[in-house]
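K.L.:
got a sequence here, can you build the structure:
(one chain, ligands or ions: 1)
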Amino acid sequence: MTKKILITGSRGQLGRSLQDAVPDGYDLISVDIDEMDIANQTQLLRLMEEKRPDGIINTAAYTNVEKAESEREKAYEINCRGVENLAIAAKQRDVPIVHVSTDYVFDGKNYKPYQPESKTNPINVYGQSKLAGEQKLLEIYSEKAYIVRTSWLYSQYGNNFVKTMLRLMNERDVLKVIDDQIGAPTSATTLAQTIWTILNKRPAYGIYHWTDAGVASWYDFAVAIYEIGVTLGLVKNKSVAIFPISETEYPSQATRPQFSVLDKRKTLTAVEQTAVHWKNVLERELKIIKNNLFF
Ligand SMILES: NC(=O)c1ccc[n+]([C@@H]2O[C@H](COP(=O)([O-])OP(=O)(O)OC[C@H]3O[C@@H](n4cnc5c(N)ncnc54)[C@H](OP(=O)(O)O)[C@@H]3O)[C@@H](O)[C@H]2O)c1
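P.N.:
Numbers count the residues shown, from 1 in each chain. Take a look at the predicted model:
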């Protein structure tokens, strides 16, 4: 029987990637803030009553890490109260919910990959608001909740590091990129596929980690974007000099974790799949960007 899944934040990069990857057997109710503001409980409960979804995937979020430092209330309203509303709505209808969270719930001081149950300690407002959302969801509805944490997300859609780098590489001859923050670049496409697999296979409810394989600094990521970008003709300027710099040399409102690699072995076992190295996934995604030229 076809299942109806409500996707929130449907115009965001993950929301759109989930719609691109929808497997057979699912109908989507795709809504973004104009149709349904997750922070508006009345609107949310009304929509749930009207549409009667069989499950929810929440990709709606306040995602501006820098601005969150000065917009704490707004970040919490969406990333915490919005998730609380969704937890209540899912519980009322007794349907599963997949909620997407972030590596920024960790402080990055361990220098080894974080397990789903590792101690959280967010060091910026965005991370704190996302952790508060995770906690609300588990407090209200752990019975049927999946939390999928991911990192360094990019896609052909929206604003992200890959598209910013491609633009800058076509505008400038010199770029300086941070090399002392380490994480795992992750394509919204592979994350979307993993979320659908989780919904299909239904492993035990709880927290899961998903990123593409391997690790990188922002500098490594930028160099790979440049090299593949030149090969594919996405970067016309063939003499961009990319210099590694420390985070201390880059003005920023938000502190970011230095090592926020997520250990995804639990997910790989649960969904019986392997992860592809981020550089190979990047090449695939850059080819998609080239074909669509959305930036
Ligand atoms: N991007 C990353 O690097 C990254 C890394 C780790 C985890 N994540 C998590 O991954 C998930 C998806 O991220 P993404 O990059 O796809 O985000 P995104 O592109 O910013 O998309 C989020 C979507 O949610 C919408 N939205 C904002 N407030 C809303 C509200 N109150 N009600 C309903 N919709 C609302 C946004 O609309 P507007 O654009 O109009 O605000 C946007 O369309 C988020 O949970 C994020 O925290 C992202």
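K.L.:
tell me where the chain has helices.
P.N.:
Here the chain has its helices, by DSSP state H, at 13-20, 41-51, 65-68, 72-76, 83-93, 125-141, 161-171, 188-201, 218-232, 265-271, 278-292.
K.L.:
okay, the ones you listed in CSV with mean pLDDT and distance to residue 258 next?
P.N.:
C-beta coordinates here come from the backbone N, C-alpha and C atoms, glycine included. As requested, the helices of the chain are arranged in CSV below (pLDDT from 0 to 100; distance: least, Cβ to Cβ, whole Å):
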stretch, mean pLDDT, distance to residue 258
helix 13-20, 98, 25
helix 41-51, 96, 37
helix 65-68, 98, 15
helix 72-76, 98, 22
helix 83-93, 98, 27
helix 125-141, 98, 13
helix 161-171, 97, 17
helix 188-201, 97, 23
helix 218-232, 98, 11
helix 265-271, 96, 22
helix 278-292, 96, 18
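K.L.:
so can I have CSV of those showing distance to the ligand?
P.N.:
CSV is the format used below for the helices of the chain (distance: least, Cβ to the nearest ligand atom, whole Å):
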stretch, distance to the ligand
helix 13-20, 3
helix 41-51, 9
helix 65-68, 8
helix 72-76, 9
helix 83-93, 9
helix 125-141, 6
helix 161-171, 8
helix 188-201, 6
helix 218-232, 12
helix 265-271, 15
helix 278-292, 13
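K.L.:
with mean neighbour count added, can I get those in CSV?
P.N.:
Formatted as CSV, those follow (neighbours: other Cβ atoms under 10 Å):
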stretch, mean neighbour count
helix 13-20, 22
helix 41-51, 15
helix 65-68, 18
helix 72-76, 17
helix 83-93, 21
helix 125-141, 22
helix 161-171, 18
helix 188-201, 21
helix 218-232, 20
helix 265-271, 17
helix 278-292, 17
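K.L.:
to residue 250, which of those helices lies closest?
P.N.:
Closest to residue 250 of these, according to Cβ to Cβ: helix 218-232, at 9.3 Å.
K.L.:
which neighbouring elements make contact with the closest one?
P.N.:
Taking 3 or more Cβ pairs under 8 Å, 6 or more residues apart in numbering; DSSP states H and E as contact, the helices and strands that helix 218-232 lies on are helix 161-171, strand 174-178, strand 241-245, helix 278-292.
K.L.:
Serialize the helices of the chain to JSON lines and add fields for distance to residue 255.
P.N.:
Compiled in JSON lines, those are given as follows (distance: least, Cβ to Cβ, whole Å):
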{"stretch": "helix 13-20", "distance to residue 255": "24"}
{"stretch": "helix 41-51", "distance to residue 255": "32"}
{"stretch": "helix 65-68", "distance to residue 255": "10"}
{"stretch": "helix 72-76", "distance to residue 255": "14"}
{"stretch": "helix 83-93", "distance to residue 255": "23"}
{"stretch": "helix 125-141", "distance to residue 255": "9"}
{"stretch": "helix 161-171", "distance to residue 255": "18"}
{"stretch": "helix 188-201", "distance to residue 255": "25"}
{"stretch": "helix 218-232", "distance to residue 255": "15"}
{"stretch": "helix 265-271", "distance to residue 255": "27"}
{"stretch": "helix 278-292", "distance to residue 255": "24"}
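K.L.:
nearest to residue 209, of those helices?
P.N.:
Judged by Cβ to Cβ, the one of the helices of the chain that comes nearest to residue 209 is helix 265-271, at 5.9 Å.
K.L.:
the most far-flung residue of the chain relative to its centre: what's it in contact with?
P.N.:
The C-alpha centroid of the chain is most remote from residue 239, which lies 31.9 Å away (Cα atoms, centre = their mean). Listed by Cβ atoms under 8 Å, 6 or more residues apart in numbering, the contact set of residue 239 reads residue 173.
K.L.:
am I right that residue 134 is in contact with residue 106?
P.N.:
No: if you go by Cβ atoms under 8 Å, residue 134 and residue 106 don't touch, sitting 11.9 Å apart.
K.L.:
and the residue of the chain nearest the ligand?
P.N.:
Residue of the chain nearest the ligand, by Cβ to the nearest ligand atom: residue 12 (1.9 Å).
K.L.:
okay, now the nearest residue to that residue once chain neighbours are set aside: neighbour count?
P.N.:
With sequence-adjacent residues excluded and distances taken as Cβ to Cβ, 6 or more residues apart in numbering, residue 12 is closest to residue 59, at 5.5 Å. Per other Cβ atoms under 10 Å, the neighbour tally for residue 59 reads 25.
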